[in-house]
Each structure stands twice: as structure tokens, then as C-alpha cells.
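Participant: Show me how the following folds:
(one chain, ligands or ions: 1)
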Amino acid sequence: MKYDKSEALHKDAMKTAPGGTHTANRYVDPHFVFKKANGAYIYDADDNKYIDYQAAFGPFILGHNYKTVNDRVFDVLQRTDLFGVGTTDLEIELANKLNEHIPSVDQVLFCNAGSEATYHAIRLSRAVTERKKIIKFQGCYHGWHDYVARNMLSDWDKVMERDPGSAGILDEAIDNTLVCRFNDLGNVKQTLEENKDEVAAIILEPIPHNIGCIMPQDGFLQGLRDLADENGIILIFDEIITGFRHGLGGFQEAAGVTPDLTTFGKAMANGFPMAAIGGKKKYMERFNTNPGGDVWFAGTFNGHAVGTAASLATIEMMENEPVHDHIFNLGDRMRNGLREIYDRLGIESYVTGYGSVYTSYFMNFEPKNYLDLKHNDGDFYVKYRRKLIDNGVFEMPVNLKRNHISYSHTKGDIDTTLEISEKVLKEMIK
Ligand SMILES: Cc1ncc(COP(=O)(O)O)c(C=O)c1O
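Facilitator: From the prediction side, this is the model:
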């Protein structure tokens, strides 16, 4: 593959945007400039075509430029856009859908990005509990804001240490966010004992997909639920990746554990900007969208017709078509195929995933938390993905990143991907 046009355009982009990309982790080598997307495929400036599993970090559950969703958006824009006063029929309809499908959601509020949703969930938790501290887990990502931007993909010597994700964060914000080990209830218990009556919320990705796919071990999520109840803490599931992708009821439905608050984004609107926070009425009513509420909630673009219409069309597709059956089946096909190839080639690996999400760690046991991932061969992980890209399969060429299958992917796409994987792996181990 040649990337000459991409590289030349990127040089231009660097002049007027720092690094030439508009989100930190979009900066990869080679410096791609993309021009077209359709279904399961994306096309770069050099007209290279890829089967896409990056899926823009997860929104595309139906596929790129999905006609049903786009048509609904175009249609709605014939009559409405944004008012900035009152509410809209689209907001009401969509709120009803979330209430209908998601076990923990009595009430919901819409915003535009996942980071906004997690920010609001944390502020609400602090208001409800009148406590300052929160607990997050090493390796989990909940957005870019100060309350959560620490101990994400930490360097190995910074794991569980004080590891701010950015310069410019207030010390107080960093130090009021405590960090625990995923799948380690003992560690959470101990942290709660050391910070007795000080913790407002526990926030987690119920499956930490920001480091690939670490499955919660039996009893872990329920254990957090129990600890939250015993200690008067708000339990927040950040379902920004798992929500809608792993089922209409989110992963909470499959896990049978009900959080107090949940955040949604990504797959909810199949690629259009949209996010939500939902939860128990007694907490949600504290937002000042409700007369007498004392927790600020606002946003000029909240509930925009584009995001609400796209969400309605996406959710209706999931209601009416076998979207989850299809993507779960293809996920199994991919994971089984990869396992078979690694076994045959004698490559040490742990193939994992849930439903439509998959990845292969190059290590020989199931990782239970971020620290275990030190055993993954990160160089191999990235090199493998770079070679896949050179052969027309797009997996993000960054260590620990996951892959996403959409309703537009076919068995043929999966089989082609497996053939290319085998070819690439054979070259790598030669
Ligand atoms: C689990 C999780 N929470 C929150 C966010 C932040 O969402 P956004 O990038 O829309 O602000 C992300 C983004 O990747 C995420 O994966």
C-alpha cells in the first residue's frame, strides 16, 4: 500500500492544527487522511480500501454512512433542527426508548459527548452524597475531563501510582480520584476503609474495553453494587462503549447488575454526536432541568435533532432487525477463527472479546486487570496491526486497542480478515 497522498495532506494539516489531528489518539503512523466510508469499509486519500474494525472507536454498530440512519436524519432536518427552549418530540420519544430498554434508567438527559455525560454523573454523585472522592479503575477511560483523566494507559512503572493524564489538571481533581484494581474487590474494600465516608461514586467501564477486553470476573460487578449500597456510594456504569453495542439494555442487562447512574454515547447514534446520562429518578431529579433541582445541567446543542433522530433510527434498527444476533455471531466467528490460526501457527495468544468486540493479546493467560497486560507483547500487537493495515484490514495500530464488528460486516469480510491475518502472521514468525 502507498500512503503518499495521505502523508502530503497531513503535512499540510500540521500547519494549521497541532499534529494535524483533532483528537490525541488519532495521531498514528502512517499519517492517514480518510476520504470516504461506506458500510464496513473506509477509504483513504490514496484510494486504499480497508475493512474497518476501528469503527471510530466504536460508534458504528450498523456500519458507516448507514442509509436508514442517514435518511432519518435528512428527513428530520426538513422540518426541525434546534430550538434552545422547551423540548422536542424527538427528545421525548428517545427518552421513552431508553427508559423502556435500560434496566437502570427511570429518567435520562441528553448531551453531546461521553465526557460530558461522565462529568455530569460525577458531579451529581457528589451533590447527592455530599462527598468529594470518587473511585475509578486503572486502565479505564471515562473522557478527557479533570475528574477522570488519570491512570488510563499508564506506563508500567506508573500503574496504580499517581499518574495524571495531562498537564494542567488541578492537584485537587487528581487527588480526589482514587484508583483501584479491576476485578479486585479486596482492593476496593481496602480503599473504602482508608477513605471512610468520603467516597461519592465508583465509576467503571463494566467491561474495560479501553484496554481491549477485560471481562469482569463472576461476582465482581455485584460485589461493587453491594459495597456501594453498604457505604452510601453512587455506582456509575460507564456504558459509552458497551451500551447498545452489547444489547439494547446495555451490558448491565446481561450482567444482571443495576447501577445508580449510567452514561451512554457512541453506538447509540451510529456515528452521529450524541450522549446521555440516565438513572434513578430520585437522583436525576436533582438536575436543575427540574424546577428546584440544584445540579447544573446545560448545553447549547443538547438534544439536537441530528443526534436524537440518528439515535431513534439506530435503536429502531436494533429493535426490528437481528442486529445483535448478526454481530455476536460474526464476533464468535472471528474469535474462533483467530484462535484456530494462532494454535496452528504456535503463537502464544489470548483471544478475547464480547459480542461484536474482539482482540488478541499476545500472552498466555486471561488478563484480569491492567497490570496483567504487562505480559502482552505490545510490539507484536502493534506490528501485527500495521501489517494488517498494509493488507487492507484496519485495526488501530496502537497497543491494547479493541476491534468492533458492525451489522454491515459479512461472513465474507470476517473470512477475508482471517485469511489476511494468517498470511501476515506467517510472515511475522518466519
Ligand atoms: C468508556 C468511555 N467513556 C467515556 C468516553 C468519552 O467519550 P467522548 O470521547 O465521546 O467524550 C469514552 C471515549 O472513548 C469511552 O470509551
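Participant: Run through the bridge partners of residue 111.
Facilitator: Residue 111 forms beta bridges with residue 275, as assigned by DSSP bridges.
Participant: how about the strands in this structure?
Facilitator: For the chain, the strands defined by DSSP state E occupy 34-38, 41-44, 49-52, 107-111, 133-137, 177-180, 199-204, 234-238, 261-264, 275-279, 350-354, 357-361, 393-394, 403-404.
Participant: Point out the one among these that comes closest to the ligand.
Facilitator: Among the strands of the chain, the nearest to the ligand by C-beta to the nearest ligand atom is strand 234-238 (4.7 Å). C-beta here means a position set from N, CA and C on the backbone, and glycine is covered the same way.
Participant: List the strands paired with the closest one, with their directions.
Facilitator: strand 199-204 (parallel), strand 261-264 (parallel).
Participant: Mean pLDDT and mean neighbour count for the strands of the chain - can I get that in TSV?
Facilitator: What follows is the strands of the chain, written out as TSV (pLDDT from 0 to 100; neighbours: other C-beta atoms under 10 Å):
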stretch	mean pLDDT	mean neighbour count
strand 34-38	98	15
strand 41-44	98	20
strand 49-52	98	22
strand 107-111	98	23
strand 133-137	98	24
strand 177-180	98	22
strand 199-204	99	26
strand 234-238	98	28
strand 261-264	98	29
strand 275-279	98	28
strand 350-354	98	20
strand 357-361	98	25
strand 393-394	98	22
strand 403-404	98	27
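Participant: For these, could you give me a markdown table that also reports distance to the ligand?
Facilitator: Below are the strands of the chain laid out as a markdown table (distance: least, C-beta to the nearest ligand atom, whole Å):
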| stretch | distance to the ligand |
| --- | --- |
| strand 34-38 | 18 |
| strand 41-44 | 18 |
| strand 49-52 | 17 |
| strand 107-111 | 10 |
| strand 133-137 | 11 |
| strand 177-180 | 14 |
| strand 199-204 | 9 |
| strand 234-238 | 5 |
| strand 261-264 | 7 |
| strand 275-279 | 6 |
| strand 350-354 | 14 |
| strand 357-361 | 12 |
| strand 393-394 | 17 |
| strand 403-404 | 12 |
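Participant: could you dump these to a markdown table with distance to residue 216?
Facilitator: Below are the strands of the chain laid out as a markdown table (distance: least, C-beta to C-beta, whole Å):
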| stretch | distance to residue 216 |
| --- | --- |
| strand 34-38 | 33 |
| strand 41-44 | 32 |
| strand 49-52 | 28 |
| strand 107-111 | 24 |
| strand 133-137 | 10 |
| strand 177-180 | 13 |
| strand 199-204 | 9 |
| strand 234-238 | 11 |
| strand 261-264 | 15 |
| strand 275-279 | 20 |
| strand 350-354 | 10 |
| strand 357-361 | 14 |
| strand 393-394 | 28 |
| strand 403-404 | 19 |
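Participant: nearest to residue 59, of those?
Facilitator: strand 403-404 (8.7 Å; C-beta to C-beta).
Participant: what does the closest one contact?
Facilitator: The contact list for strand 403-404 (C-beta atoms under 8 Å, 6 or more residues apart in numbering) reads 53-55, 58, 60-61, 245, 353, 356-359, 395-396.
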